[in-house]
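Novice: below: sequence and its predicted model.
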Amino acid sequence: MELPPSHFPASRAAALAAAYLCYRRGGPSRGLALRGVRRARREDIADVGHKYHLELVLEDVLAKDTTVNCTAEVLYHLGNQNTAPDVQFTLEGELRTTAEADNLFYNRIKSLDKELVAENIPDSQGNVSPAMEPVHLLAWVASGYVIWQNSTENTKLQLAQIKRVKQVKRSDEYLEFDYLVLLHEMVSQEIIPWQMTVLWHPQHGVQVTQHGCQPQHSLE
(Lines give C-alpha, C1' and ligand atoms only; values in the text may rest on other atoms or scores of the structure.)
Protein backbone atom coordinates (compact mmCIF):
# COMPACT_ATOMS: atom_id res chain seq x y z
CA MET A 1 0.00 0.00 0.00
CA GLU A 2 1.52 3.31 -1.11
CA LEU A 3 1.52 5.99 1.60
CA PRO A 4 1.90 9.76 1.25
CA PRO A 5 5.46 10.58 2.46
CA SER A 6 3.97 12.98 5.03
CA HIS A 7 1.73 10.20 6.45
CA PHE A 8 2.40 9.91 10.21
CA PRO A 9 3.21 6.17 10.31
CA ALA A 10 5.56 6.60 7.33
CA SER A 11 7.32 9.56 8.94
CA ARG A 12 7.70 7.64 12.22
CA ALA A 13 9.21 4.65 10.40
CA ALA A 14 11.50 7.02 8.45
CA ALA A 15 12.69 8.73 11.66
CA LEU A 16 13.47 5.30 13.16
CA ALA A 17 15.38 4.24 10.03
CA ALA A 18 17.40 7.49 10.14
CA ALA A 19 18.20 6.99 13.85
CA TYR A 20 19.36 3.42 13.21
CA LEU A 21 21.46 4.50 10.24
CA CYS A 22 23.03 7.28 12.28
CA TYR A 23 23.95 4.73 14.97
CA ARG A 24 25.51 2.41 12.38
CA ARG A 25 27.38 5.06 10.37
CA GLY A 26 27.81 8.03 12.69
CA GLY A 27 30.38 9.12 15.26
CA PRO A 28 31.74 12.24 16.98
CA SER A 29 32.51 13.81 13.59
CA ARG A 30 29.43 12.71 11.65
CA GLY A 31 25.74 12.74 12.50
CA LEU A 32 22.98 11.90 10.06
CA ALA A 33 19.51 13.40 10.16
CA LEU A 34 16.38 12.82 8.11
CA ARG A 35 15.98 15.52 5.45
CA GLY A 36 12.89 14.05 3.80
CA VAL A 37 10.86 11.02 2.73
CA ARG A 38 10.65 10.54 -1.05
CA ARG A 39 8.49 7.46 -1.11
CA ALA A 40 6.79 5.15 1.39
CA ARG A 41 4.89 1.89 1.12
CA ARG A 42 3.47 -0.35 3.82
CA GLU A 43 3.26 -4.12 3.55
CA ASP A 44 1.05 -6.05 5.99
CA ILE A 45 2.62 -9.44 6.68
CA ALA A 46 0.11 -11.81 8.26
CA ASP A 47 1.02 -12.93 11.81
CA VAL A 48 4.32 -11.01 11.63
CA GLY A 49 3.70 -7.26 11.49
CA HIS A 50 3.89 -4.19 9.30
CA LYS A 51 6.87 -3.61 7.02
CA TYR A 52 7.58 -0.11 5.71
CA HIS A 53 9.54 0.28 2.47
CA LEU A 54 11.08 3.75 2.39
CA GLU A 55 13.10 6.01 0.14
CA LEU A 56 14.83 8.66 2.26
CA VAL A 57 17.09 11.67 1.93
CA LEU A 58 19.55 12.09 4.81
CA GLU A 59 21.71 15.09 5.59
CA ASP A 60 25.07 15.30 7.28
CA VAL A 61 24.42 17.55 10.31
CA LEU A 62 27.91 19.11 10.12
CA ALA A 63 27.67 19.70 6.34
CA LYS A 64 24.01 20.39 5.70
CA ASP A 65 24.50 20.79 1.94
CA THR A 66 25.74 17.18 1.85
CA THR A 67 22.87 14.75 1.41
CA VAL A 68 22.74 11.05 0.69
CA ASN A 69 19.86 8.96 -0.62
CA CYS A 70 18.92 5.77 1.17
CA THR A 71 16.43 2.96 0.83
CA ALA A 72 15.29 1.29 4.03
CA GLU A 73 12.93 -1.36 5.29
CA VAL A 74 11.48 -1.22 8.80
CA LEU A 75 9.55 -4.20 10.16
CA TYR A 76 7.51 -3.67 13.34
CA HIS A 77 6.65 -6.98 15.00
CA LEU A 78 2.99 -7.56 15.85
CA GLY A 79 2.03 -7.29 19.48
CA ASN A 80 5.53 -7.72 20.90
CA GLN A 81 6.60 -4.42 22.45
CA ASN A 82 9.90 -5.91 23.66
CA THR A 83 11.27 -6.80 20.22
CA ALA A 84 13.19 -4.05 18.46
CA PRO A 85 12.01 -3.40 14.90
CA ASP A 86 14.09 -5.00 12.14
CA VAL A 87 15.84 -2.34 10.05
CA GLN A 88 17.68 -2.89 6.76
CA PHE A 89 19.19 -0.07 4.73
CA THR A 90 21.19 0.64 1.60
CA LEU A 91 23.03 3.92 1.12
CA GLU A 92 23.36 5.32 -2.39
CA GLY A 93 26.65 7.15 -2.57
CA GLU A 94 29.47 7.85 -0.14
CA LEU A 95 29.52 9.57 3.23
CA ARG A 96 32.30 12.08 3.79
CA THR A 97 35.40 10.72 5.45
CA THR A 98 35.90 11.63 9.13
CA ALA A 99 39.14 9.84 10.04
CA GLU A 100 41.16 13.02 10.60
CA ALA A 101 38.51 14.73 12.76
CA ASP A 102 37.89 11.49 14.68
CA ASN A 103 41.56 11.15 15.52
CA LEU A 104 41.84 14.79 16.60
CA PHE A 105 38.91 14.35 18.99
CA TYR A 106 40.23 11.02 20.27
CA ASN A 107 43.69 12.44 21.00
CA ARG A 108 42.24 15.58 22.62
CA ILE A 109 40.12 13.54 25.06
CA LYS A 110 42.95 11.06 25.72
CA SER A 111 45.30 13.92 26.63
CA LEU A 112 42.98 15.62 29.16
CA ASP A 113 44.43 15.94 32.66
CA LYS A 114 41.12 14.98 34.21
CA GLU A 115 38.00 13.35 32.86
CA LEU A 116 35.60 15.50 30.86
CA VAL A 117 32.39 16.57 32.62
CA ALA A 118 29.70 18.78 31.06
CA GLU A 119 25.97 19.47 31.26
CA ASN A 120 23.07 21.02 29.32
CA ILE A 121 24.18 20.48 25.72
CA PRO A 122 22.72 22.28 23.82
CA ASP A 123 22.16 25.17 26.24
CA SER A 124 18.81 26.94 26.72
CA GLN A 125 19.44 28.99 23.56
CA GLY A 126 20.05 25.86 21.53
CA ASN A 127 23.81 26.47 21.22
CA VAL A 128 26.52 23.82 21.27
CA SER A 129 30.10 25.05 21.72
CA PRO A 130 32.60 23.82 19.08
CA ALA A 131 34.52 21.94 21.80
CA MET A 132 31.37 20.04 22.79
CA GLU A 133 30.11 19.32 19.25
CA PRO A 134 31.81 15.87 19.07
CA VAL A 135 30.46 14.97 22.55
CA HIS A 136 26.99 16.04 21.39
CA LEU A 137 27.25 14.09 18.12
CA LEU A 138 28.39 10.99 20.00
CA ALA A 139 25.21 11.22 22.11
CA TRP A 140 23.15 11.76 18.93
CA VAL A 141 24.63 8.61 17.39
CA ALA A 142 24.32 6.51 20.57
CA SER A 143 20.72 7.64 21.08
CA GLY A 144 20.05 6.17 17.62
CA TYR A 145 20.67 2.76 19.20
CA VAL A 146 18.36 3.53 22.15
CA ILE A 147 15.65 4.83 19.78
CA TRP A 148 15.92 1.69 17.63
CA GLN A 149 15.69 -0.63 20.65
CA ASN A 150 12.71 1.19 22.19
CA SER A 151 10.56 2.24 19.25
CA THR A 152 7.16 0.89 18.30
CA GLU A 153 4.96 1.74 15.34
CA ASN A 154 3.25 4.39 17.49
CA THR A 155 6.30 6.25 18.83
CA LYS A 156 8.72 8.81 17.45
CA LEU A 157 11.71 9.43 19.70
CA GLN A 158 14.51 11.92 19.23
CA LEU A 159 17.36 13.32 21.30
CA ALA A 160 16.43 16.67 22.87
CA GLN A 161 19.38 17.43 25.16
CA ILE A 162 22.33 16.03 27.08
CA LYS A 163 21.59 16.83 30.73
CA ARG A 164 24.93 15.48 31.97
CA VAL A 165 27.92 13.71 30.52
CA LYS A 166 30.87 12.34 32.42
CA GLN A 167 33.90 10.63 30.96
CA VAL A 168 34.81 7.35 32.68
CA LYS A 169 38.50 6.50 33.07
CA ARG A 170 39.51 3.28 31.35
CA SER A 171 42.73 1.28 31.17
CA ASP A 172 42.23 0.19 27.54
CA GLU A 173 42.17 2.26 24.34
CA TYR A 174 38.43 3.02 24.33
CA LEU A 175 36.83 6.28 25.38
CA GLU A 176 33.85 5.80 27.71
CA PHE A 177 31.14 8.37 28.48
CA ASP A 178 28.23 8.11 30.88
CA TYR A 179 25.33 10.18 29.53
CA LEU A 180 22.04 11.29 31.03
CA VAL A 181 19.99 12.51 28.08
CA LEU A 182 16.46 13.74 27.47
CA LEU A 183 14.54 11.97 24.74
CA HIS A 184 11.51 13.71 23.26
CA GLU A 185 8.65 11.38 22.39
CA MET A 186 6.98 13.39 19.62
CA VAL A 187 3.63 11.57 19.68
CA SER A 188 2.84 11.93 23.40
CA GLN A 189 5.08 15.04 23.80
CA GLU A 190 6.68 13.32 26.79
CA ILE A 191 10.28 14.15 27.78
CA ILE A 192 12.01 11.00 29.00
CA PRO A 193 15.32 10.94 30.95
CA TRP A 194 17.55 8.14 29.73
CA GLN A 195 20.93 6.91 30.90
CA MET A 196 23.39 5.43 28.43
CA THR A 197 26.98 4.22 28.71
CA VAL A 198 28.82 4.74 25.44
CA LEU A 199 32.16 3.36 24.26
CA TRP A 200 33.94 4.77 21.24
CA HIS A 201 37.16 4.20 19.38
CA PRO A 202 38.05 5.65 15.95
CA GLN A 203 38.63 2.18 14.51
CA HIS A 204 35.72 0.38 16.15
CA GLY A 205 32.86 2.87 16.15
CA VAL A 206 30.17 3.46 18.77
CA GLN A 207 28.90 0.87 21.24
CA VAL A 208 26.13 1.39 23.78
CA THR A 209 27.02 -1.02 26.57
CA GLN A 210 24.10 -0.21 28.85
CA HIS A 211 21.06 2.03 28.79
CA GLY A 212 17.78 2.51 30.59
CA CYS A 213 14.89 4.83 31.22
CA GLN A 214 15.36 6.94 34.37
CA PRO A 215 12.79 8.39 36.81
CA GLN A 216 11.92 12.05 36.31
CA HIS A 217 13.53 12.99 39.65
CA SER A 218 16.92 11.93 38.23
CA LEU A 219 16.95 15.37 36.62
CA GLU A 220 17.13 17.19 39.95
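Specialist: Received it, and whenever you're ready, just let me know what you need.
Novice: hang on, isn't L16 packed against E73?
Specialist: No: using C-beta atoms under 8 Å, L16 is not in contact with E73; the gap is 11.2 Å. All C-beta atoms are positioned from the backbone trio N, CA, C, and that covers glycine.
Novice: hey, what's in contact with both of the two?
Specialist: V87 (C-beta atoms under 8 Å, 6 or more residues apart in numbering).
Novice: so for these two, which sits in the more crowded spot?
Specialist: Using other C-beta atoms under 10 Å as the criterion, L16 and E73 rank with L16 on top: 28 against 18.
Novice: doesn't that one fall inside a strand?
Specialist: No: read with DSSP: H, G, I helix; E, B strand; the rest coil, L16 is helix and lies in no strand.
Novice: now it. Nearest residue, chain neighbours left out?
Specialist: For L16, ignoring the flanking residues on the chain, the nearest one in space by C-beta to C-beta, 6 or more residues apart in numbering is S151 at 4.9 Å.
Novice: contacting residues for the one you found?
Specialist: Contacts of S151 (C-beta under 8 Å, 6+ apart): 12, 16, 19, 84-85, 157.
Novice: measure it to A18 for me?
Specialist: S151 sits 12 Å away from A18, going by C-beta to C-beta, to the nearest Å.
Novice: remind me which helix or strand the residue sitting nearest the centre point of the chain belongs to.
Specialist: For the chain, the residue sitting closest to the mean C-alpha position, by C-alpha atoms, centre = their mean, is G144 at 2.3 Å. Assigned by DSSP states H and E, G144 belongs to helix 133-150.
Novice: tell me the angle of the helix or strand just after that helix relative to helix 133-150?
Specialist: Following helix 133-150 in sequence order, the next helix or strand is strand 157-168 (DSSP H and E). For strand 157-168 against helix 133-150, the angle by axes from the mean of the first three to the mean of the last three C-alpha atoms, to 10 degrees is 120 degrees.
Novice: neighbouring strands for the next helix-or-strand element following strand 157-168, and are they parallel or not?
Specialist: Once the chain leaves strand 157-168, the next helix or strand it forms, by DSSP H and E, is strand 175-185. Using DSSP bridges, the strands paired with strand 175-185 are strand 157-168 (antiparallel), strand 190-201 (antiparallel).
Novice: out of those strands, flag the one nearest L95.
Specialist: The minimum distance between L95 and the strands paired with strand 175-185 falls on strand 190-201, with 17.1 Å, by C-beta to C-beta.
Novice: what's next to that closest one, contact-wise?
Specialist: Taking C-beta under 8 Å, 6+ apart as the rule, strand 190-201 contacts 27-28, 106, 138-139, 142-143, 145-146, 157, 160, 163, 168, 173-185, 206-216, 218-219.
Novice: tell me how far Y76 lies from Q214.
Specialist: With C-beta to C-beta as the criterion, Y76 and Q214 are 25 Å apart.
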